[in-house]
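> Let's see this in three dimensions:
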Amino acid sequence: MTYAEFGDNFIRMVLHRRRILESIDRLLGDKIELGPIGAGPGRVFAKVRATGWFQPTSGVEIPGPLVAYRVILPIDADFEIEIARDINRFKAKVLLPLTLNVRVEHPLTIVWDIVLPGEDEVSISVETDKRRSAVLQKVAGLDAELRRFLIRVIEKELDKPHIRRATRIDMDAIIAGAWGPIADQFLPVEGDPDAEVTGTLL
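This next block holds a predicted model:
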């Protein structure tokens, strides 16, 4: 095995799919707050607010020479649309895809580059009855507004300091911090017959 092959195997084993998904779930937390935003003609016709709860992420590895993943963020959202002081409430299922590319920087830093989706890639499925459907039809362009806003909110979440730190893994610092406990594993244990034999030979 070459050094290059070892390095490629190391990154793929450290950042395997399940670990990536679990890390994203932990970093994003439980929920996000959206709004209020203006929607409809001139963005003054209606006001929209929402609370979204992150559900467990899913994803697949993208085949290729570099490590990359397509990750889907499912969000259960409760929307409030206020039109002329009349508040209408909706539930929606949101699927927001992210592309995660893994690269390396000198000397030993692993970097996650997270690419946000385009508006047309975000899926919003609203649970409606006839009355609510009529309300939604009044708010022209609401779907597009919500998609844009969701992307902006996720972008802000990903820019938080703790997430930016998590997307840059300094392996030199991690190994240095763990080296003591690693080395301790190889020290002789009192009562170990092998350690006693070694001491006698010396």
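> Would you mind measuring the gap between the ends of stretch 164-178?
One end of stretch 164-178 to the other measures 22 Å (CA to CA, to the nearest Å).
> C-alpha coordinates for the longest helix anywhere in the chain, CSV please?
Longest helix in the chain, counting residues (DSSP state H): helix 142-158. Extracted in CSV, the C-alpha atoms of helix 142-158 (Å, rounded to 0.1, in the frame of the first residue of the first chain):
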residue,chain,number,x,y,z
LEU,A,142,-45.2,31.9,-1.7
ASP,A,143,-43.5,28.6,-2.5
ALA,A,144,-40.5,30.4,-4.0
GLU,A,145,-40.3,32.9,-1.1
LEU,A,146,-40.3,30.0,1.4
ARG,A,147,-37.6,28.1,-0.5
ARG,A,148,-35.4,31.2,-0.7
PHE,A,149,-35.9,31.9,3.0
LEU,A,150,-35.2,28.3,4.1
ILE,A,151,-32.0,28.3,2.1
ARG,A,152,-30.9,31.6,3.8
VAL,A,153,-31.8,30.3,7.2
ILE,A,154,-29.7,27.1,6.7
GLU,A,155,-26.9,29.2,5.3
LYS,A,156,-26.9,31.2,8.6
GLU,A,157,-27.0,28.0,10.6
LEU,A,158,-24.0,26.6,8.8
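> same for the next helix or strand after that helix, what does it pack against?
Once the chain leaves helix 142-158, the next helix or strand it forms, by DSSP states H and E, is helix 161-166. Applying 3 or more CB pairs under 8 Å, 6 or more residues apart in numbering; DSSP states H and E, one finds that helix 161-166 makes contact with helix 17-28. Using the backbone N, CA and C atoms, a C-beta is placed for each residue, glycine as well.
> Averaged pLDDT, the helix it packs on. What do you get?
Averaging pLDDT along helix 17-28 yields 93.
> And for it, what's in contact with it?
Here helix 17-28 makes contact (CB atoms under 8 Å, 6 or more residues apart in numbering) with 54, 56-61, 69, 71, 73, 100, 157, 162-163, 166.
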